[in-house]
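Engineer: Quick check, what structure comes out for this input:
(2 chains)
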Amino acid sequence: AQSVTQLGSHVSVSEGALVLLRCNYSSSVPPYLFWYVQYPNQGLQLLLKYTTGATLVKGINGFEAEFKKSETSFHLTKPSAHMSDAAEYFCAVSAANNNDMRFGAGTRLTVKP
Amino acid sequence: DVKVTQSSRYLVKRTGEKVFLECVQDMDHENMFWYRQDPGLGLRLIYFSYDVKMKEKGDIPEGYSVSREKKERFSLILESASTNQTSMYLCASSTYGLAGAGTGELFFGEGSRLTVL
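Structural biologist: Model prediction:
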């Protein structure tokens, strides 16, 4: 079985500051890891994903995440926050041959001017 | 681009009413899912389907049923709506999660916000 824990339900940063959203996973098999973003009153949109290969993955809008097996983590970062990054972010885990995707509780990012 | 369309963005229903939420995808995906989203709880899987006429219970199927008569369409049914079913409902689809045949990435609709009075 797989599960995800997102540390911090709310994160607030200033515009131009580093964004760091934390995600730890639990999986008994090699995981597939995802970050999704949800803007107000919309569905979820894929930001980036890790399946195999390079552990540093780059996504849309300047975000990236690093898969660290030893730490069971997949934290999301962006060097410089923009006002348009304000949204809710969800980390999710699944696995090969497995349709069972598990989501974290979400982290709401606020960007202050 | 994959498009997942949910028929109603906002619904208001009364307790005891039967509610249908419709979802259509246009990318010939095998798998379709219904999630419920509540603040602080993330997304919880209600039901999913990996083929026409096939369905599997998720984590919170009580009070819900589903129908998949055609590959592109997956319906969520609340037989007798209750106030605790007030929520955001998200439909998603994906290709089969075998390596080399998709990574199980989900494509979401815009959501249906249901209020039960």
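
Engineer: so what's residue A:8 closest to, chain neighbours aside?
Structural biologist: residue A:107 (5.6 Å; C-beta to C-beta, 6 or more residues apart in numbering or on different chains). (C-beta placed from N, C-alpha, C; glycine too.)

Engineer: got a pLDDT number for the one you found?
Structural biologist: Note for residue A:107: predicted pLDDT of 97.

Engineer: isn't it right up against residue A:89?
Structural biologist: Yes: at 5.1 Å, residue A:107 and residue A:89 qualify as touching, with contact defined as C-beta atoms under 8 Å.

Engineer: where do the contact lists of the two overlap?
Structural biologist: A:6, A:21 (C-beta atoms under 8 Å, 6 or more residues apart in numbering or on different chains).

Engineer: Give me the contact list for stretch A:14-24.
Structural biologist: Here stretch A:14-24 makes contact (C-beta under 8 Å, 6+ apart) with A:4-8, A:11, A:13, A:33, A:35, A:63, A:65, A:71-83, A:85, A:89, A:91, A:104, A:107, A:109, A:111-113.

Engineer: Close to chain B: what parts of chain A are there?
Structural biologist: Selection of chain A residues close to chain B by C-beta under 8 Å from any C-beta of the partner chain yields A:9, A:32, A:34, A:36, A:41-46, A:49, A:51-52, A:90, A:92, A:94-101, A:103-106.

Engineer: try 7 Å this time
Structural biologist: A:9, A:32, A:34, A:42-44, A:46, A:49, A:51, A:90, A:94, A:96-99, A:101, A:103-106 (C-beta under 7 Å from any C-beta of the partner chain).

Engineer: what's across from residue B:76 in the sheet?
Structural biologist: Judged by DSSP bridges, the bridge partners of residue B:76 are residue B:21, residue B:66.

Engineer: quick one: it from chain A, how far?
Structural biologist: To chain A, residue B:76 is 15 Å away according to C-beta to the nearest C-beta, to the nearest Å.

Engineer: can you give me the strands in chain B?
Structural biologist: For chain B, applying DSSP state E gives strands covering B:4-6, B:10-13, B:19-25, B:31-38, B:42-49, B:56-57, B:64-70, B:73-78, B:87-94, B:107-108, B:112-116.

Engineer: Have a look at residue A:107 and residue A:89 and say which one is more surrounded.
Structural biologist: residue A:89 (23 against 20; other C-beta atoms under 10 Å in any protein chain shown).
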